Each structure stands twice: as C-alpha cells, then as structure tokens.
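>>> Provide a 3D model corresponding to the input given below.
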Amino acid sequence: MSLSAVHGTLSSLKSCQVDIGTGMDIVTDVAMDLAEAQDNNINPGIKEMEAMILECAKLDREINYFVDVVQQVTSEVNSQQLEAMFSLSAKVKEQFTERIARLSDAELQNHQKVVAFKESIKNSLSQANQEPAENMEELDEDIAVTQSQVNFTCPLTQVAMVNPVKNKKCNHNYDEGAILNLIKTKHSQKKKCRCPVVGCGNTDVKEADLILDQVLRRKIQSQKRQGNRT
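Have a look, this model is predicted:
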C-alpha cells in the first residue's frame, strides 16, 4: 500500500468520526426526550443510552489514537524508502496497542460529548421534576418570554448558532466552529482568547472550558422548525 493510499484511509476514518459525533447527538436528544417525559421507567433507558455514548466515545478516541500513530510512523519514511514500508504495519500495531492500553475510564468520562450528555440529562431531569405551578397559564407565559429572550445568535458570526457550546467559566454561548477558530488564531499570535461577548471579563477562553450545549441546540432546532411551518 502506498503512502497516498494510507492518507486516503485516514481521511475516511476522520469522516467516520463526524458520523459518530452525529450519532452521539441523536442519542443525547432521545435521552433528553425520555428525561422530559417524567416516566418512572425511563432510568434504565437513559442508562443504556449513556453506555452507548461511552462506547461511541471509546471508538472516537481509538480512531484518534490510530490516526495519530499512523501519521507519526509514516512521517518517518517516504515513498522512496520501500524497504521501510514493510515494517510500518507492525510499528503501527505495536504503538496503537500501547496507546489503547492507556485509555482510561476517566478520559472517556471527560470526552466532550459525554460531558454534554450528562449535563443535558441533568438539566432535563431537573426541569421535569419541578413541581407544577398552580397557575399553568402564567407558567406558560413565563416560559414563552424566557425562550424569546434566549439569544440564539453567535457573538462571533452574528448568525444563529448551529452547534452551540457553553463556556463553563462565564456561561456564554458561541458557535463551536467560530470560537475554536478564534482560539486557534489567537494562539498562533501568542495571545490569549478573550470572550467575544461585550462586557465579559473572561480574558482567557480555552477549548477545555467549552461544553456542547444540547439544550440550546434543541431550542434552536425547535425555533427553526416553527419558522419553517409558518
């Protein structure tokens, strides 16, 4: 197999990661629906979905490890060193096995989408377990006002967010792609990334501080569906 074919395979694996991420989002949405249903029989279902999320996180990490190892090993040779190509498979297998052996449960628990799953379920259960208000019409009006006040616009792109993330430090939301690009740009300039929300005192936004905001994503999708119907 040529190095170009290897790189093509790695690109396919990275595409698979996108599909895995989409699947994890779908599982989280279904789990949130169960949590919001206030059904006493939902806990086993949510536990099963959490197990699915963890399995997906493990697969995602394994793909990351495999891609990293292959890139590292192939960077040591070039297409002219044909004799070295025969030993690549063994090197990749050995290093990949070592990396997988070090994969811990704690690392899986810290996977961004696993954290987002747990946060989303926690919020959904908290809302579902609240005591019903005596005046439901007044409650509905309050909810409608609150939802109308939610800002779905990314402070960076000035358009509706697609994949909103929340900053754990300042609780501000941004579109994932936009804030990650800003962080990368600032770091390349040897600068810290300031929160783009006007008036925010957070002067050092880090990727580790960002978690996917599945609740907000659902609200954005719901608003979009309502807009399409009207």
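
>>> can you map out the strands along the chain?
Assigned by DSSP state E, the chain shows strands spanning 164-167, 173-175, 210-212.

>>> how about CSV for those strands, with distance to Asp25 added?
Just so you know, the C-beta spots here come from the backbone N, C-alpha and C atoms, and that holds for glycine as well. As requested, the strands of the chain are arranged in CSV below (distance: least, C-beta to C-beta, whole Å):
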stretch, distance to Asp25
strand 164-167, 12
strand 173-175, 15
strand 210-212, 8
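
>>> Of the ones you listed, which is nearest Phe66?
strand 210-212 (23.8 Å; C-beta to C-beta).

>>> so where's this protein shaky on pLDDT?
1-3, 38-42, 77-86, 127-150, 228-230 (pLDDT under 70).

>>> domain parsing for it?
3-122, 151-229 (automatic domain parsing).

>>> And the longest one, how far out from the chain middle?
By that I understand domain 3-122. 12 Å (C-alpha atoms, centre = their mean, to the nearest Å).

>>> Nearest residue to the residue most central in space within the chain in space, please, no chain neighbours.
Geometric centre of the chain, nearest residue: Lys113, 4.2 Å, by C-alpha atoms, centre = their mean. Distances taken as C-beta to C-beta, 6 or more residues apart in numbering place Met24 nearest to Lys113, at 4.5 Å, with adjacent residues excluded.

>>> Please tell me I have it right and that neighbour contacts Gln112.
No: using C-beta atoms under 8 Å, Met24 is not in contact with Gln112, being 9.5 Å away.

>>> When those two are compared, which one has more neighbours?
Between Met24 and Gln112, counted using other C-beta atoms under 10 Å, the more crowded position is Met24 (26 against 18).

>>> Contacts only, for the more buried one.
Each residue near Met24 by C-beta atoms under 8 Å, 6 or more residues apart in numbering is listed here: Ile53, Cys56, Ala57, Lys113, Phe117.

>>> Is there a neighbour count for Ser89? I'd like the number.
Residues near Ser89, counting by other C-beta under 10 Å: 12.

>>> how about the helices in the chain?
3-36, 42-74, 82-85, 88-101, 105-109, 112-128, 136-149, 176-188, 214-229 (DSSP state H).

>>> among those, which is the most enclosed?
helix 112-128 (a mean of 18; mean count of other C-beta atoms under 10 Å).

>>> TSV for the contacts of Met24, including distance to Val162?
Below are those laid out as TSV (distance: C-beta to C-beta, whole Å):
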residue	distance to Val162
Ile53	21
Cys56	20
Ala57	22
Lys113	16
Phe117	19
